[in-house]
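Novice: Build the 3D model from these lines:
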Amino acid sequence: MAKSINEILLHWRIKADNDFTVAEKELKSKSPVTDAVCFHCQQAAEKYLKLFLVYNGIEPKKTHLISDLIIECSKIDTDFEKLSQSAYLSDYAVELRYPDDFYIPDLEETKEAFESAKMIKNFVLNRINIH
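Specialist: Below is the predicted model of the structure:
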């Protein structure tokens, strides 16, 4: 049985919210694992942007690039261009997951990544209506 659009949207929302919640909880911990927080911030931002696209009837491209997703969303709502300063979150999609280019963000950078993800979350959720 095929999923309804409401189910699909809800699943995107749950997955985005879960990434955001993991980042938020870890950031509040005594000794946050900053690279993991930044990774989940990127994942949450990516999924919220894809949620907006799906909400508007567009199948999102398989990409981790926040800038590409912002461009796609901007074709629907030009206000998304205001999010372009958050494109740097893409750097946390793959690079932080492997030791090849070893890098651990400091706490200040991690907090900035969280605020960017939070801004994208709020921006998207204010423009869609799902339960």
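Novice: can you map out the helices along this structure?
Specialist: 5-27, 34-55, 66-74, 107-125 (DSSP state H).
Novice: Contacts for the longest one next, please.
Specialist: Looking back up the chat, that one is helix 5-27. 3, 32-33, 36-38, 40-41, 43-44, 47-48, 50-51, 54-55, 110-111, 114, 117-118, 121, 128, 130-131 (Cβ atoms under 8 Å, 6 or more residues apart in numbering). For glycine as for every other residue, the C-beta is placed from the backbone atoms N, C-alpha and C.
Novice: Give me whichever of the helices of the chain is most buried.
Specialist: When these are scored by mean count of other Cβ atoms under 10 Å, the highest mean neighbour count falls to helix 34-55 (a mean of 24).
Novice: start to end distance for stretch 20-36?
Specialist: By Cα to Cα, to the nearest Å, the extent of stretch 20-36 from end to end equals 11 Å.
Novice: how about the residue positioned nearest the centre of the chain, what does it touch?
Specialist: Here the mean C-alpha position of the chain is nearest to the C-alpha of Ala45 (Cα atoms, centre = their mean), at a distance of 1.1 Å. The neighbours of Ala45, taking Cβ under 8 Å, 6+ apart as the test, are 66, 86, 89, 116-117, 120-121.
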